[in-house]
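K.L.:
Everything below, folded, please.
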Amino acid sequence: MRIQLDRRGRAVVPVIVLLLMLTLIFLSVINWRRTKQADEQLLLVSGTVEARYTRIASQLGGRITELPVEEGMDVKQGQLIVRTDPLDLPMQLEQASRAIETAQANLDLLREGPTREELAAALHRAEAAQSAYENIQQGSRTEDIAAAEAAVAQAQTRLNDARDELGRLELLFKSAVVEERKVVAARAQVSQLEDALSSAKTRVELLRNGPREEEIEQARQQAEAARSDYERLKLGAREQEITAAESSIAGLYAGRDALQVRLDETNVSSPADGEIINLPVNIGDMLQPGQTVAELLLPDSIYIQTFIPEDRLAWISLGSQLEYFTDGVSGSELATVSFISPEAEFTPRNLQTTQKRVEQVYRVKLQPASGSVLRPGLICDVRIPAPEDGDGSDG
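P.N.:
Residues are numbered from 1 along each chain as shown. Take a look at the predicted model:
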């Protein structure tokens, strides 16, 4: 009886083992089919993290005197990046300001008209010039010639006395009685008196010969100019003169403003908040106009660029949120679709899907959430939703 049971038990065991194996195979097939279906529905594409940069350039150029920033530093809008040597621009600006003040004062005088004192002075100059012209026309008077000859005689007497004194001092100097400086001073005195005598003799000759024609003409022109100035001053400034003065001042202001702009351009400031990622210059470098001094990474300018297969493009739209994964970060994060290219292209060689390459893809940009730790150059995987996942939009 026991022998029969043992035989029957031995016969049942293989059947049970076979049933277990068949069950495991069946479950494995079911799991494989489910996994295959999920894999077919799930598509991961590679993307690269990129960013928009702003190039900061020096408009004016010049030698760098200050460089208060470093690579990796966060800067604010308007913060100084580079300062260059202004050379003589501050001096030119000061001169331009003084020229404006002078021109404005002259314009005010034109508008107010001449004062009584200015008119009197102009009349006096005109009368004096006219009198000089009339005198030179009449020629030299006898008394003028006599006075000039007397001046010659007086100059000759002073020169003779000075020469006698010089001779006396030279003898004393040879005897070591006086210092040499007294002899030198006496010689200088003699030289001056000789020049004075020569000038006096020349004046006598001029008076005896009378005025030349060119001297008479010069005196006439001076008299006419002085009279014209007086008449113009008496009538006051004309409207054209005031307009010309105002136009001149406007030109001076424009010149000063241009100098101020050039001076301001010696200070190169940040156009926005951001991070200095490249600083290719040093203190002492000579910049050319338009040369880049720094590159700025703008906040919230980082984006993910990927390529979506043509057969999955209908499942996303602008504003859709897609999951992405990066190495070193556990879990996934969301990014918003901000751009979809209107034209198809071939998949770039450096970007492969996790399943296979397709010929036609569309370039897509994703905007990560603010405060993301992504940095330009990172590679990430983006999950493209399947139809049963929904359309991928927020709604």
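K.L.:
Is it correct that Ile304 falls within a strand?
P.N.:
Yes - Ile304 sits within a strand when classified using DSSP: H, G, I helix; E, B strand; the rest coil.
K.L.:
Count the neighbours of it for me.
P.N.:
25 (other Cβ atoms under 10 Å). Any C-beta I mention is one placed from the backbone N, CA and C, and that applies to glycine too.
K.L.:
Now Arg55: which helix or strand?
P.N.:
strand 43-58 (DSSP states H and E).
K.L.:
whoops, Leu87 was the one
P.N.:
Applying DSSP H and E as the criterion places Leu87 outside every helix and strand.
K.L.:
State the pLDDT value of it.
P.N.:
Note on Leu87: pLDDT of 91.
K.L.:
Strands of the stretch 151-300 of the chain, residue ranges please.
P.N.:
267-269, 274-278, 286-287, 291-309 (DSSP state E, counting those that start in this stretch).
K.L.:
Next, format these as JSON lines and append distance to Arg383.
P.N.:
Shown next, in JSON lines, are these (distance: least, Cβ to Cβ, whole Å):
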{"stretch": "strand 267-269", "distance to Arg383": "42"}
{"stretch": "strand 274-278", "distance to Arg383": "29"}
{"stretch": "strand 286-287", "distance to Arg383": "47"}
{"stretch": "strand 291-309", "distance to Arg383": "11"}
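K.L.:
Specify the beta-bridge partners of Leu366.
P.N.:
Note on Leu366: beta-bridge partners Ile304, Val337, judged by DSSP bridges.
K.L.:
Quick check: Tyr133 is in a helix.
P.N.:
Yes - assessed by three-state DSSP, Tyr133 belongs to a helix.
K.L.:
I figured it hits Glu217, correct?
P.N.:
No - Tyr133 is not in contact with Glu217 according to Cβ atoms under 8 Å; the separation is 9.8 Å.
K.L.:
okay, these two: which has more neighbours?
P.N.:
Remark: of Tyr133 and Glu217, Tyr133 carries more neighbours, 19 against 12, as counted by other Cβ under 10 Å.
K.L.:
show me what contacts the more buried one?
P.N.:
216, 219-220, 222-223 (Cβ atoms under 8 Å, 6 or more residues apart in numbering).
K.L.:
let's go with 10 Å and repeat that
P.N.:
By Cβ atoms under 10 Å, 6 or more residues apart in numbering, Tyr133 lies in contact with 216-224, 226.
K.L.:
among those, which are in helices?
P.N.:
216-224, 226 (DSSP state H).
K.L.:
For those residues, which PyMOL command selects only the ones that are buried?
P.N.:
Applying 16 or more other Cβ atoms under 10 Å to these, the buried members can be selected in PyMOL as follows:
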select buried, resi 219+220+222+223+226
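K.L.:
got the ones in helices among the contacts of Tyr133 as CSV, with distance to Leu334 and pLDDT columns?
P.N.:
Below are the ones in helices among the contacts of Tyr133 laid out as CSV (distance: Cβ to Cβ, whole Å; pLDDT from 0 to 100):
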residue, distance to Leu334, pLDDT
Ile216, 102, 73
Glu217, 98, 79
Gln218, 95, 84
Ala219, 98, 81
Arg220, 97, 83
Gln221, 92, 88
Gln222, 93, 86
Ala223, 96, 84
Glu224, 93, 86
Ala226, 91, 84
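K.L.:
between the ones in helices among the contacts of Tyr133, which is nearest Ala103?
P.N.:
When the ones in helices among the contacts of Tyr133 are ranked by distance to Ala103 (Cβ to Cβ), Ala226 comes first, at 25.3 Å.
K.L.:
The closest one contacts Glu127, doesn't it?
P.N.:
Yes - counting by Cβ atoms under 10 Å, Glu127 is a contact partner of Ala226 at 8.3 Å.
K.L.:
rewinding a little: closest one of the contacts of Tyr133 to Phe173?
P.N.:
Gln218 (49.5 Å).
K.L.:
one step back: quick one: which of the ones in helices among the contacts of Tyr133 is nearest Leu93?
P.N.:
Nearest member of the ones in helices among the contacts of Tyr133 to Leu93, counting by Cβ to Cβ, is Ala226, at 38.9 Å.
K.L.:
residues touching the closest one, list them.
P.N.:
Ala226 sits next to 122-130, 132-133 when contact means Cβ under 10 Å, 6+ apart.
K.L.:
can you list the weak-confidence ranges in the stretch 201-350 of the chain?
P.N.:
Scanning the stretch 201-350 of the chain for pLDDT under 70 picks out 209-212, 234-238, 328, 347-350.
K.L.:
What ranges does it have for its helices?
P.N.:
Using DSSP state H, counting those that start in this stretch, the helices found in the stretch 201-350 of the chain span residues 213-235, 239-264.
K.L.:
how much does the longest one deviate in direction from helix 213-235?
P.N.:
In other words, helix 239-264. Angle between the axes of helix 239-264 and helix 213-235 is 90 degrees (criterion: axes from the mean of the first three to the mean of the last three Cα atoms, to 10 degrees).
K.L.:
Give the buried residues for helix 239-264.
P.N.:
Residues of helix 239-264 classed as buried: 245, 249, 252, 256, 259, 262-263 (neighbour count, 16+ other Cβ under 10 Å).
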